[in-house]
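Enquirer: Need a 3D model of the sequence below.
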Amino acid sequence: MAAMATTGQQRLALLIQYQGMAFHGWQRQVGQRTVQEVLEQAIARVVNHPVSVVAAGRTDAGVHAAGQVAHVTVNSPIPAHRWPAVLNARLPMDILIRAAAAVPEHWHARFSALWRRYRYTLYTDPCPNLFLRGLTWHCYQYPLDTEIMQAVLMPLVGRHHLSAFHRAGSKRRHSWVEVQEVSCQRRGALVEIEVQASGFLYGMMRLLVGLLVQVGQGRRSPASFTEIWQQEQRHLVKYAAPAAGLCLLGVGYPEPPFPRGLCTHAMPQFQLATALPHLSIA
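Expert: Numbering: from 1, shown residues only. Next up is the predicted model:
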């Protein structure tokens, strides 16, 4: 049964999840499959007019999102709470609208945000795992010392000029970032690196993780890691971690449009069993 709704123009906030493997990133690009374009096409088919979907952050090709937030303005009588069901019936399996909410016309997914949080997941067991492929970096050649990795991350907390982790091609005029929280923890064969910041530079997380892993492997000293970013030595950051392990966990706002649990618990943590008790392998 069709629900009653307000008429006229309305701005919606969308809480979006997507698996990035088959997307060429968020931003619309000619001849490429992108999250923005797929969403805009689905919404346009419902409202019968072109729309522009604006995200809190533009993820790169292959990067996932558990709690991406975007806004869109539509002329439609469909109430906000009905939009997830309406869109999910029209979207492919690798993208999902988790929630929708009506927001004021001035509310902006990007400019209203206080923070974004990313998690990078590494899988360190020598034996490959099909179910983690595309969602982690299979990084097993050297053991990772997560205590050292955590220690070298801590000085990043604060407001810093992080041009060492800023890929070329960005239109952003500066490299100042306020890093709010950092963590690196091991859970069995998995290592999870999380960073929360006011915003992220183009390629920042993948460049940071690429350099951090060298420290964890003992191939670069902790002092060298710190010197590189503090002295803005971008030329020494030569390797970006693969996109597969990176996920946008969530976005924070002064007045969140969605219940807190929907955002903070959107991405489950992998739990790997070491063995099945009823099986024995000769």
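Enquirer: Which of the three states applies to the closest residue to residue 222 other than its chain neighbours?
Expert: Nearest residue to residue 222 in three dimensions, chain neighbours excluded: residue 152, at 4.6 Å (C-beta to C-beta, 6 or more residues apart in numbering). C-beta: built from backbone N, CA, C; applies to glycine. Under DSSP: H, G, I helix; E, B strand; the rest coil, the three-state class of residue 152 is helix.
Enquirer: Give me the distance between the two termini of stretch 195-210.
Expert: End-to-end span of stretch 195-210 (C-alpha to C-alpha, to the nearest Å): 14 Å.
Enquirer: how close does the most centrally placed residue in the chain sit to residue 37?
Expert: The chain has residue 248 as the residue nearest its centroid, 1.5 Å off, counting by C-alpha atoms, centre = their mean. Using C-beta to C-beta, to the nearest Å, residue 248 is found at 18 Å from residue 37.
Enquirer: again with residue 21
Expert: 16 Å.
Enquirer: neighbour count winner among those two?
Expert: residue 37 (18 against 15; other C-beta atoms under 10 Å).
Enquirer: Name the nearest residue to that one, sequence neighbours excluded.
Expert: The shortest distance from residue 37 to any non-neighbouring residue, by C-beta to C-beta, 6+ apart, is to residue 28 (4.7 Å).
Enquirer: Surely the one you found touches residue 39?
Expert: No - when contacts are counted by C-beta atoms under 8 Å, residue 28 is not listed as touching residue 39 (9.7 Å).
Enquirer: Among these two, which residue is more densely surrounded?
Expert: The residue with more neighbours, out of residue 28 and residue 39, is residue 39; 25 against 16, by other C-beta under 10 Å.
Enquirer: Give me the secondary structure label for the more buried one.
Expert: State at residue 39, reduced to three classes by three-state DSSP: helix.
Enquirer: how about it, what does it touch?
Expert: 14, 16, 53, 70, 72, 87, 91, 95 (C-beta atoms under 8 Å, 6 or more residues apart in numbering).
Enquirer: at 6 Å instead, please
Expert: With contact set as C-beta atoms under 6 Å, 6 or more residues apart in numbering, residue 39 has these partners: residue 53.
Enquirer: what separates it from residue 197, distance-wise?
Expert: In terms of C-beta to C-beta, residue 39 sits 25 Å off from residue 197.
Enquirer: what is the residue nearest to the centre of the chain paired to in the beta sheet?
Expert: residue 65, residue 118 (DSSP bridges).
Enquirer: For it, which residues are in contact?
Expert: 59, 65, 68, 118 are the contacts of residue 248 under C-beta under 6 Å, 6+ apart.
Enquirer: give me that answer again for 10 Å
Expert: 16-18, 20, 26, 55-59, 63-69, 116-119, 200, 205, 266-267 (C-beta atoms under 10 Å, 6 or more residues apart in numbering).
Enquirer: Run through the bridge partners of residue 137.
Expert: Beta bridges link residue 137 to residue 122, judged by DSSP bridges.
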